[in-house]
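1. Provided below for reference: sequence and predicted model.
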Amino acid sequence: MQGTLTHLIACHECDLLIERVANQPDQDVICPRCHARLYYTTLNSIERLLALSLAGLILFIPANLFPILSLRVFGQSQSEIILQSALSLYEGGLIVVALLILLFAVVVPLIQLIALFYISFTLHYRWEGRLLRQAMHSYQHLRGWGMLEIFLLGVLISIIKLKDIADLEIGLGLYSLAALIVVITLSSIFFNPHQIWHQIDLHRKQSRSHD
Amino acid sequence: MTNLKTTFRSARDNGYLLCSDCEKLHYLHQEGQHCDRCGAHLHSRIANSMSLSWACLIASMLLFLPANLLPIMTFKTFGQGEPNTIIGGVLHLLEQDMLMIGLVVLIASIVVPVLKMIALTILLCTVQFGLQTNLRQKTMMFRVVEWIGRWSMLDIFVIGILVALVQLGSIAHIEGNHGATAFAIVVLLTMFSAIAFDTRLIWDNGTSDLPADSTDHKDDS
């Protein structure tokens, strides 16, 4: 019964029902009505995601442990890591803002990287992958909530605001953060939900036939 | 199947529904069940999409007032300094000839949230009251709004960084104020409003700008 549905597809944005067409790796299939991108092919998607998510997880450590900026005025100095933004606001009584910064700049990117690593690792090495569905759901639902690139722009604006009144020093954390943003952006480009769900389908059939 | 180039029909009208998470096609009578591939709850349209979207939008509009009227942070040097509002911060930057940065903050903190609220209001009104508009333009507008809205968090991050960095006791000291809480919730609510809005509702209501007429029969039954 499910087999009869494979030649059809509906647009996720306007619900237009169309017939599935074959596409070349460099061709996107576009909805004829609302122009949403329906499906496309990403070459070596899983391998690329595995590499990128691993790189991201590694970069996440210096980006969060080393100071982003250090400030020096009259011999006193103060340095800043991402987590400290949330902490200082929390101490200042702005609990909601602190929580949002913690979520958007630390927790969400970390969960997404872990989910991505789990998905690509499981699919690449054909592990059992009991949590594949959950990992996919968390990654997909958290898209757009990781805001490291906005945080980076915030750092740049802070530098410009403070450069006249204090000596600023850019720390290792800022470089790691910039690299982490590049890795996360690339991984969101290579994340092809349609294709990965299809691979999960195949993955499950294979593991079932092994039983 | 009839020629799909001349008749635009939605999946729901043809008795199908798309899983919102993994985009697998199911039959409409499976609504309420779980997707056999990803386990998500199957629904052909987001439940209560309009009411949820309206609620978040109206709440964000109300909170936009305190977000702009209350101070967002206080910068004290040698014990002196006054609380700043969002507009105050932008004006301060412009006074110091930091035109570009002032504009970036102005766009992220004022222009984008206001435009996003206006755009969502237009979308919700046209869908709610069935007004005839260009559907493709509206879809484009929604995509832009959805993508750009998160950049409004910029000012919140700037406050977070400044507060963490400038803690030099009596020499210089920055603290956050509750206008920032209101503003952060405004951004959050507009994002929720956009998520709750089901773009398919735009296309359900009007088919007027399509070359094909939707009354054209399909003999699939």
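-> The structure has been received and is ready for your questions. Residues are numbered from 1 along each chain as shown, chains lettered A, B, ... in the order given.

2. where in chain B is pLDDT low?
-> Residues of chain B that meet the criterion pLDDT under 70 lie in B:1-7, B:206-221.

3. where exactly do the strands run in it?
-> Secondary structure of chain B (DSSP state E): strands at B:16-18, B:25-27, B:73-77, B:83-84, B:172-176.

4. of those, which approaches B:Phe129 most closely?
-> Of all those, it is strand B:16-18 that lies closest to B:Phe129, at 25.9 Å by CB to CB. All C-beta atoms are positioned from the backbone trio N, CA, C, and that covers glycine.

5. Doesn't A:Gln140 belong to a helix?
-> Yes - A:Gln140: assigned to a helix according to DSSP: H, G, I helix; E, B strand; the rest coil.

6. quick one: it from B:Thr139, how far?
-> Relative to B:Thr139, A:Gln140 is positioned 20 Å away (CB to CB, to the nearest Å).

7. Over to A:Cys31?
-> 10 Å.

8. Would you mind telling me which of those two has the busier surroundings?
-> Set side by side, A:Cys31 and B:Thr139 show more neighbours around B:Thr139, with 22 against 19, by other CB atoms under 10 Å in any protein chain shown.

9. The more buried one: what's its closest spatial neighbour, skipping adjacent residues?
-> Sequence neighbours aside, A:Cys34 is the residue nearest to B:Thr139 in space, at 4.8 Å (criterion: CB to CB, 6 or more residues apart in numbering or on different chains).

10. And B:Arg9, by the same measure?
-> Using CB to CB, 6+ apart, the closest residue to B:Arg9 is A:Leu17 (5.7 Å).

11. Run through the bridge partners of that neighbour.
-> A:Ala10 (DSSP bridges).

12. wouldn't it be in contact with A:Leu8 here?
-> Yes - A:Leu17 lies in contact with A:Leu8 (CB atoms under 8 Å); the separation is 6.2 Å.

13. which neighbours do these two share?
-> B:Tyr16 (CB atoms under 8 Å, 6 or more residues apart in numbering or on different chains).

14. Pick out whichever of those two has more residues nearby.
-> When A:Leu17 and A:Leu8 are compared for neighbours, A:Leu17 comes out ahead with 22 against 16, by other CB under 10 Å.

15. mind listing what that one touches?
-> A:8-10, B:4, B:9-11, B:13-14, B:16.

16. which of those residues has the most neighbours?
-> Busiest of those [other CB under 10 Å] is A:Ala10, holding 27 neighbours.

17. what about that one, distance to B:Asn134?
-> Taking CB to CB, one finds A:Ala10 at 22 Å from B:Asn134.

18. Provide a list of residues in contact with the residue of chain A positioned farthest from its centre.
-> In chain A, A:Phe74 marks the outermost C-alpha relative to the chain mean, sitting 40.4 Å out by CA atoms, centre = their mean. Residues in contact with A:Phe74 (CB under 8 Å, 6+ apart) are B:168, B:171.

19. What strand or helix carries A:Ser77?
-> Using DSSP states H and E, A:Ser77 sits in strand A:76-80.

20. Now whatever helix or strand comes next after that strand: buried residues?
-> Tracing the chain C-terminally past strand A:76-80 and defining elements by DSSP H and E, one meets helix A:82-91 next. The neighbour-count check on helix A:82-91 (16 or more other CB atoms under 10 Å in any protein chain shown) flags A:82, A:84-90 as buried.

21. and helix A:82-91, how far from the chain's centre?
-> The chain centre lies 23 Å from the centre of helix A:82-91; the measure is CA atoms, centre = their mean, to the nearest Å.

22. so what does the next helix or strand after it touch, helix or strand wise?
-> Per DSSP H and E, the first helix or strand lying C-terminal to helix A:82-91 is helix A:95-102. If you count contacts as 3 or more CB pairs under 8 Å, 6 or more residues apart in numbering or on different chains; DSSP states H and E, helix A:95-102 packs onto helix A:82-91, helix B:154-165, helix B:178-196.

23. which stretch among those helices comes nearest A:Ala22?
-> Taking the helices and strands packed on helix A:95-102 one by one with CB to CB, helix B:178-196 is closest: 32.9 Å.

24. domain ranges for chain A?
-> A:1-41, A:43-210 (automatic domain parsing).

25. Equivalent analysis for chain B, please.
-> B:8-44, B:48-205.

26. So which bits of the strand holding A:Ser77 are buried?
-> In strand A:76-80, counting by 16+ other CB under 10 Å, buried: A:78-80.

27. what mean pLDDT would you report for it?
-> For strand A:76-80, the mean per-residue pLDDT is 81.

28. Pairing partners for that strand, with directions?
-> strand A:69-73 (antiparallel).

29. From the rest of the structure, what touches the partner strand?
-> A:77-80, A:155, A:158-159, A:162, A:165-171, A:174, B:161, B:165-166, B:168, B:171-172.

30. List buried residues within these.
-> A:78-80, A:155, A:158-159, A:162, A:166, A:168, A:171, A:174, B:161, B:165-166, B:168, B:171-172.

31. can you pull out the helices in chain A?
-> For chain A, helices defined by DSSP state H occupy the ranges A:45-65, A:82-91, A:95-102, A:108-124, A:132-142, A:148-162, A:172-190, A:193-210.

32. lowest confidence element among the helices and strands of chain A?
-> Ranked by mean pLDDT, DSSP states H and E, the weakest helix or strand in chain A is strand A:76-80, scoring a mean of 81.

33. got the contact list for that strand?
-> Contacts of strand A:76-80 (CB under 8 Å, 6+ apart): A:67-71, A:171, B:161, B:164-169, B:171.

34. Quickly list what's touching both of A:Cys31 and B:Thr139.
-> Joint contacts of A:Cys31 and B:Thr139 (CB under 8 Å, 6+ apart) are A:13-14.

35. Sounds good, over and out.
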